[in-house]
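> Sequence and predicted structure are below.
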Amino acid sequence: MLTPSGDRVARPDYDHRVAHLDAAALRGLYRDIVLVRRFDTEATALQRQGELGLFTQSLGQEAAQVGSARALAPQDYVFPSYREHGVAHVRGVDLVDILRQFRGIDHGGWDVDEHNFHLFTLVIGAHTLHATGYAMGVQRDGLVGTGDPERDTAVVVYFGDGATSQGDVNEAMVFAAVNNAPLVLFCQNNQWAISVPASSQSRVPLVERGAGFGIPSVQVDGNDVLACYAVTAEALERAHGGGGPTYIEAVTYRMGAHTTSDDPTRYRSAAEEESWRRRDPLDRLRAHLVGLGELPADFVDAVEAEAEELGSRVRREVRAMVPPPARSMFEHVYATPHAVVEAERAWFEGYEDSFDDARGATGGDR
């Protein structure tokens, strides 16, 4: 719907999905992408400075994440993998909270009920089964196909091209299809599963994987925020109405490293990276707004100032994070008390206390 140079392309099959997005809404999408990118840049710098143990960049994938997330209804539920910073931002998660896990001071978390945004999942593809089960539960709770736009609920699960090679993802599609679950499977094909190219993962376009399970499937330009919004809106409408799952392959590119421990120059060329930089999702939306005459300088300056403030806050708050007491590892493991966890907690507390007893017996440190 937007060319790399920002020109609008008519798509009669999808134009109605974005017709309500006026200039103010487009500027809102622009702001989302700028802020998420600034967060990404700052978190990467903090890792390089030793403030974070690791970080997973979303650089280059912002349009797929922001566009799809902006199509969600408040009651819809999201299961992310570990790179969906843009989706987290749209769902109202404080991006600083994401970095607690990468700082290594807790397991990572936020109020999932407040944001309808599940915790990041580091096990590749495992969360697609969780999402399918949740969607089946929503369906059985009578929250699908009621005709009430504030009640009908869908579930969206995000994963990468590499995850499509995992058994869990394929099992999730089996259950989603046969149960007609209100699930949107959103694959961000960023071309590389760490160092393995998409061409080594499938002999056919990844979008065809969904069709093999009988799931309506669509391939979209993942660097086009309008197109991502449009196809997700259609998939959500189907899910809300009881029409079952949809598989979306958003073709995008990981402009940064897989994680900050990765060196992409070892497996991909500078020419490839440059060709994708010319399709940068932020540049594309900026060019479109400029062409419309709807990107005033004062707005750009205000967004840049907001982004700089976000970067400063991320720096300040991450550096202020301190490790919690070791005993806190036993908190929030389960929603309710668990006998095994409580036994382990009691043993560990006794173990820690033994050092205090030893120091007291010797009158000093040991």
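That came through fine.
> could you pull out the helices for the stretch 1-150 of the chain?
15-18, 23-48, 62-70, 85-90, 95-103, 112-115, 126-140 (DSSP state H, counting those that start in this stretch).
> Put the alpha carbons of the first one into PDB.
Looking back up the chat, that one is helix 15-18. Only the C-alpha atoms of helix 15-18 are listed here, as PDB (Å, rounded to 0.1, in the frame of the first residue of the first chain):
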ATOM      1  CA  ASP A  15      -8.300   0.200   1.100                       C
ATOM      2  CA  HIS A  16     -11.400   0.200   3.200                       C
ATOM      3  CA  ARG A  17      -9.400  -1.200   6.100                       C
ATOM      4  CA  VAL A  18      -7.300   1.900   6.400                       C
END
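> Give me the below-cutoff pLDDT ranges for this structure.
358-366 (pLDDT under 70).
> go with 80
Along the chain, the model assigns pLDDT under 80 to residues 107, 357-366.
> Any idea which residue is closest to the centre of it?
Most central residue of the chain, judged by C-alpha distance to the mean C-alpha position with Cα atoms, centre = their mean, is Glu84 at 1.6 Å.
> and that one, what is it in contact with?
Going by Cβ atoms under 8 Å, 6 or more residues apart in numbering, Glu84 touches 58, 65, 78, 120, 158. Where you see a C-beta, it was placed from the backbone N, CA and C, and this is true even at glycine.
> And Gly28, by the same measure?
Arg70.
> let's see 7 Å
The contact partners of Gly28, taken as Cβ atoms under 7 Å, 6 or more residues apart in numbering, number zero.
> go on, Arg27?
Applying Cβ under 7 Å, 6+ apart, the residues contacting Arg27 are 289, 294, 299.
> And the helices in the stretch 151-300 of the chain?
So, for the stretch 151-300 of the chain - with DSSP H, counting those that start in this stretch - the helices run 167-178, 207-212, 225-240, 270-277, 281-292, 297-320.
> if we compare the ones you listed, which one ends up closest to Gly109?
Nearest of the helices of the stretch 151-300 of the chain to Gly109, taken as Cβ to Cβ: helix 297-320 at 15.9 Å.
> And for the residue nearest to Ser195 when sequence neighbours are not counted, the neighbour number?
Residue nearest to Ser195 in three dimensions, not counting chain neighbours: Tyr267, with 4.2 Å by Cβ to Cβ, 6 or more residues apart in numbering. For Tyr267, the tally of surrounding residues (other Cβ atoms under 10 Å) stands at 13.
> swap in Leu59?
Using other Cβ under 10 Å, Leu59 has 19 other residues around it.
> before we move on, what about Ala172?
Neighbours of Ala172 (other Cβ under 10 Å): 29.
> Would you check how far apart it and Val123 are?
Ala172 sits 13 Å away from Val123, going by Cβ to Cβ, to the nearest Å.
> one step back: and of the contacts of Glu84, the nearest to Glu114?
Val78 (12.5 Å).
> Bridged to the closest one, which residues?
Phe117, Val156 (DSSP bridges).
> Single out the most deeply packed of the helices of the stretch 151-300 of the chain.
Of all the helices of the stretch 151-300 of the chain, helix 225-240 carries the top mean neighbour count, a mean of 24, counting by mean count of other Cβ atoms under 10 Å.
> Show me what that helix is packed up against.
helix 15-18, helix 62-70, strand 183-189, strand 217-221, strand 246-251 (3 or more Cβ pairs under 7 Å, 6 or more residues apart in numbering; DSSP states H and E).
> Rebuild the ones you listed as JSON lines, extending it with mean neighbour count and distance to Glu306.
Shown next, in JSON lines, are those (neighbours: other Cβ atoms under 10 Å; distance: least, Cβ to Cβ, whole Å):
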{"stretch": "helix 15-18", "mean neighbour count": "16", "distance to Glu306": "25"}
{"stretch": "helix 62-70", "mean neighbour count": "29", "distance to Glu306": "15"}
{"stretch": "strand 183-189", "mean neighbour count": "29", "distance to Glu306": "26"}
{"stretch": "strand 217-221", "mean neighbour count": "21", "distance to Glu306": "27"}
{"stretch": "strand 246-251", "mean neighbour count": "26", "distance to Glu306": "26"}
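> how about a markdown table for the ones you listed, with distance to Leu282 added?
Below are these laid out as a markdown table (distance: least, Cβ to Cβ, whole Å):
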| stretch | distance to Leu282 |
| --- | --- |
| helix 15-18 | 18 |
| helix 62-70 | 7 |
| strand 183-189 | 16 |
| strand 217-221 | 14 |
| strand 246-251 | 16 |
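> ok, now which ones touch Arg83?
Residues near Arg83 by Cβ under 7 Å, 6+ apart: 56, 58.
> pretty sure Pro324 is in contact with His107, am I right?
No. Applying Cβ atoms under 7 Å, one finds Pro324 not in contact with His107, separated by 10.6 Å.
> Gly222 against Gln65, yeah?
No. Using Cβ under 7 Å as the test, Gly222 is too far from Gln65 to be in contact (9.1 Å).
> hey, which of the helices of the stretch 1-150 of the chain is tucked in deepest?
For the helices of the stretch 1-150 of the chain, the highest mean count by mean count of other Cβ under 10 Å goes to helix 62-70, at a mean of 29.
> Please name every helix or strand in contact with it.
helix 23-48, helix 85-90, helix 225-240, helix 281-292.
> The last one vs helix 62-70, what angle?
For helix 281-292 against helix 62-70, the angle between stretch directions is 80 degrees (axes from the mean of the first three to the mean of the last three Cα atoms, to 10 degrees).
> hmm, who's touching helix 281-292?
Identification of contacts with helix 281-292 by Cβ under 7 Å, 6+ apart yields 2, 4-6, 8, 23, 26-27, 29-30, 33-34, 37, 62-63, 223-225, 295.
> how about a cut-off of 6 Å?
Here helix 281-292 makes contact (Cβ atoms under 6 Å, 6 or more residues apart in numbering) with 2, 4-6, 26, 30, 33, 62-63, 223, 225, 295.
> Having no further points to raise, I will conclude here.
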